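*Asks:* Model the structure of this input:
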Amino acid sequence: MNTESFSSLIEIMIVLFLLLATGFIARKTGVIDEVASKRLSKLIVNIGQPMMIVYSLIKIEYSAENTKAGFTMFALSIGVHIFLCIFAFFAAKTVKDFDEHKIAEFSLIFSNAGFIGFPIFESIFGDIGVFWGSFYVIGFHLFVWTWGMIILARGRKDIKMNAKKILINFGTVPCFIGIVLYLLMRWIEIPDVLITYTGYLNNLCTPISVLIVGALIATRTTKQIFCDLRMYYACLCRLILMPLCVCIIAKLIGLPDYMILFATAAAALPSATNITMFAELYDIAPGYAAQTVGVTSLFTVITLPCIMLAANWIVGL
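*Replies:* Next up is the predicted model:
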C-alpha cells in the first residue's frame with residue numbers, strides 16, 4: 001500500500017466518521033427515529049445492496065485476468081471465513097448470556113464487507129478493489145445463510161435453515177446476476193442505461209447504511225459505548241486480533257501481496273449491520289447487537305488505518 005492509497009484510506013475514514021456523527025445527531029434530534037431506521041435498513045438490504053453488487057461487477061471491463069482474480073477472491077473469502085468461524089467460536093465463549101453469546105459469535109465472524117467495505121476497498125485498491133469485494137461477499141453470504149443461521153438457531157425451533165434460504169436471498173441472487181452480466185461482456189456490451197441505473201442505487205448504500213449505524217450508536221448511553229468492557233473485548237478481537245491473524249497466516253502460506261492486504265482489510269472491518277436486522281427479526285438481544293455494530297464501527301475509524309500500516313509492514317518482511 002503506497003502513500004497515495006494510505007492518504008485515500010485516511011480520507012474515507014474521516015468521511016465515514018462524519019457520516020456516523022450525522023446519523024448520531026439525526027437520531028438524537030428525531031430526524032431518524034426507530035421506524036425510519038428500520039425502513040431505511042430494509043431499503044438498503046432489499047434494493048441498495050443488490051444493486052451495489054451488480055454495479056460493482058458490470059462496471060469493470062471483462063478480461064480473463066480479472067475473471068481469474070475475481071474467483072480467486074471468492075476462494076480467499078471461503079478461507080478467511082472458515083478461519084473467522086473457528087476464531088469466533090472460541091473467542092465468544094467469554095460472553096455468558098445465551099442470546100448475547102450468539103450475537104457475539106455472529107458479529108465476530110461477519111464484517112461489514114459491503115456497505116463500509118466497498119468504499120474502503122476502492123480507496124486502497126481502486127475500482128478493481130470493489131470488483132474483488134463483490135466476489136468476496138459471495139462467500140460472506142454463503143456463510144451468513146449457513147453457519148450464521150446455525151448460530152442464531154441454537155435453542156430455537158422457529159429459526160430454520162433450508163436450501164432455498166442459502167441459495168436464494170438478497171445477497172446471492174444479485175451476485176449470480178452480476179457474474180452472469182459480467183461474463184456476457186465477453187460478447188456483448190452492457191447498455192449504459194443499466195450501468196447508470198445500478199450506479200445511482202449503488203450510491204445510496206454507503207451514506208444511508210453508515211447513517212443508520214450512527215443512529216444505532218445514539219440509542220446507547222455513553223456508559224454503554226465507552227464503559228462496557230465487553231465492547232472493548234469485541235473491538236480487540238474483531239478489529240485487531242482477527243485481521244492481524246489473517247494477515248500473518250496469509251503471509252506464511254505465501255499469498256501475493258495484494259491478496260494479503262485485501263484479506264486483512266476485509267477482516268479488519270466492523271461487525272456487519274445484518275446482525276442488527278436478524279436480532280430484531282428473531283428478538284435475540286437486539287440492544288446488544290446494535291451496541292456491538294455501533295461501537296465496532298466507531299472504533300474502526302482509528303483501528304483500520306493502523307492495521308493496514310501493520311499489514312504493509314508484514315507484507316514487506
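
*Asks:* what's the helix or strand where His141 lies packed up against?
*Replies:* Taking DSSP states H and E as the criterion, His141 maps to helix 127-143. Contacts defined by 3 or more C-beta pairs under 8 Å, 6 or more residues apart in numbering; DSSP states H and E place helix 127-143 against helix 49-58, helix 64-91, helix 117-125, helix 172-184, helix 257-267. The C-beta positions use only the backbone N, C-alpha and C, and glycine is treated the same way.

*Asks:* Try it again at 10 Å.
*Replies:* When contacts are defined as 3 or more C-beta pairs under 10 Å, 6 or more residues apart in numbering; DSSP states H and E, helix 127-143 sits against helix 49-58, helix 64-91, helix 117-125, helix 163-167, helix 172-184, helix 257-267.

*Asks:* Can you check which of those helices gets nearest to Thr206?
*Replies:* Smallest distance to Thr206 across the helices and strands packed on helix 127-143 (C-beta to C-beta): 5.2 Å, for helix 117-125.

*Asks:* tally of neighbours for the spatially closest residue to Leu239 that is not a sequence neighbour?
*Replies:* Sequence neighbours aside, Thr303 is the residue nearest to Leu239 in space, at 4.3 Å (criterion: C-beta to C-beta, 6 or more residues apart in numbering). As a burial measure, Thr303 scores 20 neighbours (other C-beta atoms under 10 Å).

*Asks:* do the same with Tyr136
*Replies:* Based on other C-beta under 10 Å, the number of other residues close to Tyr136 is 28.

*Asks:* Could you tell me how far it is located from Ser271?
*Replies:* 16 Å (C-beta to C-beta, to the nearest Å).

*Asks:* One more: Pro286?
*Replies:* Taking C-beta to C-beta, one finds Pro286 at 14 Å from Ser271.

*Asks:* who has more neighbours, those two?
*Replies:* Ser271 (29 against 19).

*Asks:* Now do the same contact list for Ile168.
*Replies:* Trp145, Phe176 (C-beta atoms under 10 Å, 6 or more residues apart in numbering).

*Asks:* Next one: it relative to Asn112, how far apart?
*Replies:* On the measure of C-beta to C-beta, Ile168 and Asn112 end up 23 Å apart.

*Asks:* related to what we said a few turns ago, following the helix holding His141, which helix or strand shows up next?
*Replies:* helix 149-153.

*Asks:* quick one: average pLDDT of that following helix?
*Replies:* Rounded to a whole number, the mean pLDDT of helix 149-153 is 90.

*Asks:* Mind giving me the packing neighbours of it?
*Replies:* Packed next to helix 149-153, using 3+ C-beta pairs under 10 Å, 6+ apart, are helix 64-91, helix 98-109, helix 274-282.

*Asks:* so what's Asn162 up against?
*Replies:* Trp145, Met149.

*Asks:* gap between it and Ile168?
*Replies:* Taking C-beta to C-beta, one finds Asn162 at 10 Å from Ile168.
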